[in-house]
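Participant: please work out how this folds:
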Amino acid sequence: MRKRLFVGLAIGVLGMLSRVSVGSEQFCAVGWNGEFTHIDSHIGEIPPSRSDLPGYMQALAYSSTGVLYACQSRFLTTTASLYIIDPVTGDTTHSLWLDVDVRGMAFSSDETLYVSVNTSDVVAPPSHLGTINLSDGSYTEIGEFWGEGSEAQGLAFSPGGELYAIAPDPFPPPYAYSLFTVNTNNAEMHLIGRFEGNRLAQSIAFTPGGYLYALGHQFAQLDPSTGAIIGPVFDLSGDYRGLESAVLPSGARRWQLYE
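Facilitator: Okay, here's the model as predicted:
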């Protein structure tokens, strides 16, 4: 009996360890069809995942106080919404109605919420850069994205305070993406790099250590200086649109997948 118990415990421990990636980064993600999952930078998606969140989720962003926000598109509806989301369980609480259709969002160090938005009821360039007032959901326009960045979606601030954006390429070949830095005063974009063949153009997130990750139907690390993929590309189970790290910009850990 003791031998069987020991073997059972050993198998359980080994199974848990097989999901642990030492030195990895951890993230949560939301998707277009109500998906919510956790992602490990070394091994990819961590089951179980959920698919019962409000649909049309587009973006994730942490405030400096540790509140995680998710945006819901107004696709097929009359209004968009901002939700507060539990980064461990994925449970959502409605927070605000929004005037614009948010595609990506990121908090600056002074707690300003910057957003990339689509002002049309259909998905069509150009996207716009602006800010959202968390008191009433109102939107303030900064400027339009043009050129290769006209469909800019995911936004993320680097630890140094520079705003990055990722955009699907509006020209062939399919599934190309471009990485940019963005001037927060006027929405001017500087192209870092353009790449083909991966479905990563929906969202980006920095870790406090300066590591940049991107996702869509796939997940991968990007070099923030060139936009090139670093290491493996992981396929994901859903159409994911929002990505955020487990660690706040301050370095405090908001949650832990495993000890």
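Participant: measure stretch 61-79 end to end?
Facilitator: Using Cα to Cα, to the nearest Å, the gap from the first to the last residue of stretch 61-79 comes to 20 Å.
Participant: look at Ser138 and report its pLDDT.
Facilitator: In this prediction, Ser138 carries a pLDDT score of 92.
Participant: can you pull the contacts of it?
Facilitator: Asp99, Ile132 (Cβ atoms under 8 Å, 6 or more residues apart in numbering). For glycine as for every other residue, the C-beta is placed from the backbone atoms N, C-alpha and C.
Participant: likewise the one 4 residues further on?
Facilitator: The neighbourhood of Ile142, defined by Cβ under 8 Å, 6+ apart, consists of His128, Leu129, Gly130, Thr131, Thr184, Asn185, Asn186, Ala187.
Participant: ok, the nearest residue to the second one once chain neighbours are set aside to Leu155 distance?
Facilitator: In other words, Leu129. In space, Leu129 comes closest to Ala187 once its chain neighbours are excluded; the distance is 4.0 Å by Cβ to Cβ, 6 or more residues apart in numbering. Remark: distance between Ala187 and Leu155 (Cβ to Cβ, to the nearest Å) = 11 Å.
Participant: swap in Pro54?
Facilitator: Between Pro54 and Leu155 the distance, using Cβ to Cβ, works out to 21 Å.
Participant: more neighbours: these two, which one.
Facilitator: Each of Pro54 and Leu155 has its neighbours counted (other Cβ atoms under 10 Å); Leu155 has more, 27 against 14.
Participant: residues touching the residue nearest to Leu129, list them.
Facilitator: For Ala187, the residues meeting the contact criterion (Cβ under 8 Å, 6+ apart) are His128, Leu129, Ile142, Gly143, Glu144, Phe145.
Participant: what do you get if the cut-off is 10 Å, keeping everything else the same?
Facilitator: Contact analysis of Ala187 by Cβ atoms under 10 Å, 6 or more residues apart in numbering lists 114, 116, 126-130, 141-146, 149, 152, 163, 165.
Participant: of those, just the buried ones, PyMOL syntax please.
Facilitator: The command below creates a PyMOL selection of those among these that count as buried (16 or more other Cβ atoms under 10 Å):
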select buried, resi 114+116+126+127+128+129+130+142+143+144+145+149+152+163+165
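Participant: inside helices: which ones of the contacts of Ala187?
Facilitator: Restricting the contacts of Ala187 to those inside helices, with DSSP state H as the criterion, leaves an empty set.
Participant: chain center to stretch 35-55: distance?
Facilitator: 12 Å (Cα atoms, centre = their mean, to the nearest Å).
Participant: stretch 230-245 too?
Facilitator: Counting by Cα atoms, centre = their mean, stretch 230-245 comes out at 9 Å from the chain centroid.
Participant: now that stretch: buried residues?
Facilitator: Counting neighbours by 16+ other Cβ under 10 Å, the buried set in stretch 230-245 is Phe234, Leu236, Gly238, Tyr240, Arg241, Gly242, Leu243, Glu244, Ser245.
Participant: which stretches of the stretch 1-150 of the chain form helices?
Facilitator: For the stretch 1-150 of the chain, applying DSSP state H, counting those that start in this stretch gives helices covering 2-17.
Participant: thank you kindly, that will do.
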